[in-house]
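1. dropping the sequence and predicted coords here.
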Amino acid sequence: MARTLPELRVLIDAVDQELLTLLSRRAALANEVGEVKKLDGSAVFRPDREAQVIANLQQANQGALKSESVAVIWREIMSACRALEAPQRVAYLGPKGTFSEEAALRFFGSSITHVPCANFDEVFHAATAGSAEFGVIPVENSTEGVVTRSLDLLLNSPLHIVGEISLLVRHHLLRSTASLEGIEVVLAHPQALAQCQQWLTTHLPHAERRAVSSNAEGARLAASNPAWAGIASERAGSEFGLHIASHAIQDEAFNRTRFVVVCLPSVLPAPEASGKDCTSLVVSVPNKPGAVHDMLVPLKLHGVSMTRFESRPARSGQWEYYFYIDLQGHPSQPHVAAALKDLSSLCAFYKVLGTYPLAD
Ligand SMILES: C=C(O[C@@H]1C=C(C(=O)O)C=C[C@H]1O)C(=O)O
């Protein structure tokens, strides 16, 4: 005979008690790890070790849980255990409800100390000055391309990149009522206004588009005026008590933003090779014919594939540029090391921004 609902619930309650005992044991061990780390001064957050823990469990998983669920559950368990060692402070573009916050939670789990910042410069400053261990910043969007301020800040910063997150970004039109009637102003970060420009031209041709410091800030302001609307995430909508006047208004259905995690090398040294890594560089070459072509030859010769190539003005007024290059691979791989050595010898400026595991 099939078990009844009350019987099943008694069994589930018993399993939960067992889980709690096991999780407490795990937490106590993590606490002990924290003590050891305090003595030898090593990094609290070890994303490489956490990735390995998840990979081992996914491989061992014979049960009913989906592989992705195993990852999500253990990310949170490890986030809570890590917070017992020392709460990690993570700076990002605030206020609450931004996609930067979502990216931070995806990478670190929810047991972090939030350090919301007013702009990207402040994120870099927080992670450099030590009011946060880590910063999370967007670097490119699949519709709008490069986030220029982030690239410019990376150039002169002592922070290095230790991880990346790729987030599906769905923008909603949010306001105090659920209709499109009477909207005079649409407030959002310039990136979001750009990612929704076709929709705005078609549906709200007469509304003023007003750039603000973040989408969540636009949503916060939209809550104060019925003729204003914001473009932001669902989370920002609930944070400020707004209705969704129109769902998923971004011009590209699969609009994605790539974020990177930055920190001082003393907080976390460069991650070791994971087998699926990216190495980010910024370089410049002498302003002479063929220099850019020559710079890329070593990549071809050593069989290293380039996944990104961006240029930014060097601001010298001489039509000189910095090139931001992403390569597949890790400098501990001989062919990557050889390509980097040859490439650097051709550059007037050469800086490795970081080497880190690729996002799923
Ligand atoms: C417990 C450790 O510290 C942190 C927490 C981890 C965990 O809960 O499994 C893993 C790596 C670290 O980010 C450790 O380094 O082993």
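-> Sure thing, it's come through. Numbers count the residues shown, from 1 in each chain.
2. in the stretch 201-350 of the chain, what residue lies closest to the ligand?
-> Across the stretch 201-350 of the chain, the shortest distance to the ligand (CB to the nearest ligand atom) belongs to Leu268, at 9.6 Å. Where you see a C-beta, it was placed from the backbone N, CA and C, and this is true even at glycine.
3. find the nearest non-adjacent residue to that residue, please.
-> Spatially, and ignoring its direct neighbours in sequence, Leu268 is nearest to Ala43 (4.7 Å; CB to CB, 6 or more residues apart in numbering).
4. could you look up the SS state of that neighbour?
-> coil (DSSP: H, G, I helix; E, B strand; the rest coil).
5. quick check: residues of the chain near the ligand?
-> Within the chain, the residues that sit near the ligand (CB under 6 Å from any ligand atom) are Ala30, Val33, Phe45, Arg46, Arg49, Glu50, Val53, Met78, Cys81, Arg82, Glu85.
6. ok, back up a step: show me the contacts for the residue nearest to Leu268.
-> Going by CB atoms under 8 Å, 6 or more residues apart in numbering, Ala43 touches Lys37, Val267, Leu268, Pro269.
7. just give me the longest helix of this structure.
-> helix 5-40 (DSSP state H).
8. for it, packing partners?
-> On a contact count with 3 or more CB pairs under 8 Å, 6 or more residues apart in numbering; DSSP states H and E, helix 5-40 meets helix 67-85.
9. can you tell me what sits against the next helix-or-strand element following the helix it packs on?
-> The helix or strand immediately downstream of helix 67-85 is strand 89-93, counting by DSSP states H and E. Applying CB under 8 Å, 6+ apart, the external contacts of strand 89-93 come out as 98, 100-101, 103-104, 108, 112-120, 122-123, 126-127, 131-138, 213-214.
10. run through the residues that contact the most centrally placed residue in the chain.
-> Nearest to the mean C-alpha position of the chain, counting by CA atoms, centre = their mean, stands Phe259 at 3.2 Å. Contacts for Phe259 (CB under 8 Å, 6+ apart) come out as Ser100, Ala103, Phe107, Val136, Ile137, Pro138, Val139, Glu164, Ile165, Ser166, Leu167.
11. run the last query once more with 6 Å
-> Residues near Phe259 by CB atoms under 6 Å, 6 or more residues apart in numbering: Ala103, Val136, Pro138, Ile165.
12. for the second one, pull up the helix or strand it's in.
-> Using DSSP H and E, Val136 sits in strand 134-141.
13. neighbours of Leu180, how many?
-> With neighbours defined by other CB atoms under 10 Å, the count for Leu180 comes to 14.
14. name the SS class of it, please.
-> Put simply, Leu180 is coil when judged by three-state DSSP.
15. all helices for the chain, in order.
-> Along the chain, counting by DSSP H, helices occupy 5-40, 47-60, 67-85, 99-108, 120-129, 148-156, 190-195, 197-203, 215-222, 234-239, 291-301, 334-345.
16. tell me how far the residue of the stretch 201-350 of the chain closest to the ligand lies from Phe134.
-> 8 Å (CB to CB, to the nearest Å).
17. between these two, which is the more surrounded one?
-> More neighbours surround Phe134 than the other of Leu268 and Phe134, with 27 against 23 (other CB under 10 Å).
18. please report how far the more buried one lies from the ligand.
-> Counting by CB to the nearest ligand atom, to the nearest Å, the gap from Phe134 to the ligand is 12 Å.
19. likewise for Thr143?
-> According to CB to the nearest ligand atom, Thr143 and the ligand sit 34 Å apart.
20. isn't that residue up against Phe254?
-> No: using CB atoms under 6 Å, Thr143 is not in contact with Phe254; the gap is 9.1 Å.
21. centre of the chain to the longest helix of the chain, how far?
-> Remark: helix 5-40 is offset 29 Å from the chain centroid, using CA atoms, centre = their mean, to the nearest Å.
22. in it, what counts as buried?
-> For helix 5-40, burial by neighbour count (16 or more other CB atoms under 10 Å) applies to Ala30, Val33, Gly34.
23. excluding sequence neighbours, find me the nearest residue to the last one.
-> I take that to be Gly34. Of all residues not flanking Gly34 in the chain, Glu85 sits nearest, at 3.1 Å (CB to CB, 6+ apart).
24. could you report the neighbour count for the one you found?
-> Neighbours of Glu85 (other CB under 10 Å): 18.
25. and for the one 5 residues further on?
-> Burial measure for Val90: 28 neighbouring residues, criterion other CB under 10 Å.
26. the one 5 residues further on too?
-> Burial measure for Pro95: 20 neighbouring residues, criterion other CB under 10 Å.
27. can you check Pro298 too?
-> Neighbour count for Pro298, taken as other CB under 10 Å: 18.
28. so how far is Val212 from the closest residue to Ala223 other than its chain neighbours?
-> Distance criterion CB to CB, 6+ apart; nearest residue to Ala223, sequence neighbours excluded, is Phe240 at 4.4 Å. Plainly put, Phe240 is 13 Å away from Val212 if you go by CB to CB.
29. residues near the nearest residue to Ile249 once chain neighbours are set aside, how many?
-> Spatial nearest neighbour of Ile249, excluding adjacent residues (CB to CB, 6+ apart): Trp199 at 4.3 Å. Counted by other CB under 10 Å, the residues lying close to Trp199 total 17.
30. ok, Arg46 next?
-> The tally of other residues near Arg46 (other CB under 10 Å) stands at 17.
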